[in-house]
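Colleague: Just need the structure, nothing else, for what follows:
(chains A and B)
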Amino acid sequence: MAEPILSVESVSKAFGGLMAVCDVSFQMRPGEIVGLIGPNGAGKTTLFNVISGYYAPTRGRILFHGKDVSGDPPYALAARGVGRTFQVVKPFAGLSVMENVVIAAFLRHPRRADAEAHAREVLELTGLADRADVPAASLTLAGRKRLEISKALALEPSFLLLDEVVAGLNPTEVDRTIELILALRERGMTILIVEHIMRVIMKISDRLVVLNFGEKIAEGAPAEVASNRAVIEAYLGEARA
Amino acid sequence: MKDRRLLASFVVLLALACVPAVLRDTFLLRVATEAIMWVGLAVAFDVLAGYTGYLNFGHGAFFGIGAYTTAILMVRAGWPFVPAAAAGGVVAAVAAVIAGLPTLRLRGAYFAIATWALSRGIQQLALMMPATGGPDGMRLPPFLHPQFFYYAMLGVVGATFLLLWFLLERAPFGLKLKAIREDEQGAKALGLNPTLLKIQAFVLSAVPTGVIGGVFAYWVTFIDPASTLGDLVSDQALVMVVFGGMGTLIGPVVGAILIFAFKTIFWAYLAEYEVLYVIILGAAIALSVVFLPNGVLGARLRRGAPRPLPVPVTPAAAGAGKLEA
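Modeller: Sure thing, here's the model as predicted:
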């Protein structure tokens, strides 16, 4: 088994008295797509924010390529190869699509011309190339979600966190995004994805990690997890005899 | 396109360099010198206000710090003018780092209030310190040479403009600042360190302001806490930047020239209607904010260009996420 690219070790995150994430552990191997699922309020986005450096874990450690990065700020993690998107998309609304992506591309390409060339490649890949010069604020929701992915990709990450990049899209757009995610995996990227649409998550994930009330209640192949009793109860409530 | 603008800037600078040869009238040369000074103060203010999204009501404090540093070094330490004015810029930079570390954590009105309070504190300090002469102010060795001060001001402001043009419009730095302005949290995920970038912007705004303050002190030969450390510099710079167009380099230049020209003409010909000046200026600002939110220049540039659609960015996305759950 290859060395894990990411190890989440007994991570907890408390906000005052509220345990948003409680003692969660899992690992990811290079090239894997892991789906992080769970009902609303299960702590998925909090865990994302801990892994990407927005919150320091209250307890536990995050190892990235074997190095402890717990509490490192997001920009330091970005430099190490962690890219992320936001569930609530964060376009730089007053700037053009191109400028949005160029800002991310500066991380690996300090010269403006190089950054622009790289940004254009990313926009070709994500299908936004023809919208490069429009203001980011004028994109549709689908466009803005693609812009989120484009910005994360322009960082040239080895590890990508995707937070609900499919939710709110129509079926055609969903299929295009799935194709894009699978294409990224082909390029050797490791991807942790939060998604509510089961059709999507079952189709693209190699493994699933299930959270409920901040705790990990299951982990395994999609089919296994789907028939897991604890998972069914978490989603549908307890079975009444 | 952008290089043509740079060429145009050089032509304008060259033309401005010829002004004293044509303009024999000392009064008009003083007016031109002060106009250039306000252009510099407004452009430097816009580094934080327009590009980074921080309204710095302590801008005037950097001006005063530069003026006092220059005055103290020249009068009490016997320094020549040039190193003394440069030291004004250095001290302003140090002050920007010290003031920026706590205040740049704040946003919006809180930052404006904190910087305003800091500048009041510095004014009080100047009123009490023996080195500054307290409320009596300081008298600098008189050097009555209007042409010299015209060129000194033009040199400092011209160099500032070109430096800012390069850093903000050509180098990655300007785009990075705009990313902070648009969404600081989102910018962090893209490898940007907001604290570092904001401190750099603060210093970049403070240094030319301090040097301009130093030139001003030697030029007017007398400074006191009321004239150099009051609210005037911050307020005027804000008005000029908003009126001209925030977040551009040309906007503040246009705003500074229009507002300063209006002020000068008013004082020269309608001095007895002093009260009217502030009323008219206030009304003009209020109208420009309502009808030209992007400033005089923004209105001209935006004509014909597609307006960004007022899409509710975050609620839509958040709502979409919930629907699927």
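
Colleague: for the residue of chain A found nearest chain B, helix, strand, or coil?
Modeller: Across chain A, no residue is closer to chain B than A:G168, which sits at 2.7 Å (C-beta to the nearest C-beta). For glycine as for every other residue, the C-beta is placed from the backbone atoms N, C-alpha and C. For A:G168, the assignment made with DSSP: H, G, I helix; E, B strand; the rest coil gives coil.

Colleague: if I pick the closest residue to A:T177 other than its chain neighbours, what's in contact with it?
Modeller: Closest residue to A:T177 apart from its sequence neighbours, by C-beta to C-beta, 6 or more residues apart in numbering or on different chains: A:V166 at 5.4 Å. Counting by C-beta atoms under 8 Å, 6 or more residues apart in numbering or on different chains, A:V166 makes contact with A:K145, A:V174, A:T177, A:I178, A:E195, A:I197, A:V200.

Colleague: Secondary structure element for the first one, which one?
Modeller: Assessed by DSSP states H and E, A:K145 sits inside helix A:141-154.

Colleague: Pull out the buried residues from the worst-scoring helix or strand of chain A on mean pLDDT.
Modeller: Between all helices and strands in chain A, the lowest mean by mean pLDDT, DSSP states H and E belongs to helix A:229-236, at a mean of 83. Residues A:V231, A:A234 are the ones in helix A:229-236 that count as buried (16 or more other C-beta atoms under 10 Å in any protein chain shown).

Colleague: cool, stretch A:19-34 as well?
Modeller: A:M19, A:A20, A:V21, A:C22, A:V24, A:F26, A:Q27, A:M28, A:G31, A:E32, A:I33, A:V34.

Colleague: Mean confidence (pLDDT) on stretch B:243-263, please.
Modeller: If you average the pLDDT over stretch B:243-263, you get 91.

Colleague: Next step: the contacts of A:V166 restricted to strands.
Modeller: Nothing among those maps onto strands, per DSSP state E.

Colleague: The helix holding A:K145 - contacts with which helices or strands?
Modeller: If you count contacts as 3 or more C-beta pairs under 8 Å, 6 or more residues apart in numbering or on different chains; DSSP states H and E, helix A:141-154 packs onto strand A:82-84, helix A:97-105, helix A:112-126, strand A:159-163, helix A:171-186, helix B:313-324.

Colleague: follow-up on the earlier one: now render the buried residues of stretch A:19-34 as JSON lines, adding distance to B:V156 and secondary structure.
Modeller: Below are the buried residues of stretch A:19-34 laid out as JSON lines (distance: C-beta to C-beta, whole Å; DSSP: H, G, I helix; E, B strand; the rest coil):
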{"residue": "A:M19", "distance to B:V156": "58", "secondary structure": "strand"}
{"residue": "A:A20", "distance to B:V156": "53", "secondary structure": "strand"}
{"residue": "A:V21", "distance to B:V156": "54", "secondary structure": "strand"}
{"residue": "A:C22", "distance to B:V156": "59", "secondary structure": "strand"}
{"residue": "A:V24", "distance to B:V156": "58", "secondary structure": "strand"}
{"residue": "A:F26", "distance to B:V156": "59", "secondary structure": "strand"}
{"residue": "A:Q27", "distance to B:V156": "59", "secondary structure": "strand"}
{"residue": "A:M28", "distance to B:V156": "55", "secondary structure": "strand"}
{"residue": "A:G31", "distance to B:V156": "57", "secondary structure": "coil"}
{"residue": "A:E32", "distance to B:V156": "58", "secondary structure": "coil"}
{"residue": "A:I33", "distance to B:V156": "57", "secondary structure": "strand"}
{"residue": "A:V34", "distance to B:V156": "57", "secondary structure": "strand"}
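
Colleague: Within its local environment, how many residues does residue 131 see?
Modeller: Just so you know, I chose chain A. By other C-beta atoms under 10 Å in any protein chain shown, 19 other residues sit near A:R131.

Colleague: To clarify, I was referring to chain B.
Modeller: B:A131 - counted by other C-beta under 10 Å - has 12 other residues nearby.

Colleague: Equivalent analysis for B:I285, please.
Modeller: Around B:I285 there are 16 residues (other C-beta under 10 Å).

Colleague: Give me the three-state assignment for it.
Modeller: Assignment for B:I285 (three-state DSSP): helix.

Colleague: Got the confidence number for the nearest residue to it once chain neighbours are set aside?
Modeller: In space, B:I285 comes closest to B:V239 once its chain neighbours are excluded; the distance is 5.7 Å by C-beta to C-beta, 6+ apart. For B:V239, the pLDDT comes out at 89.
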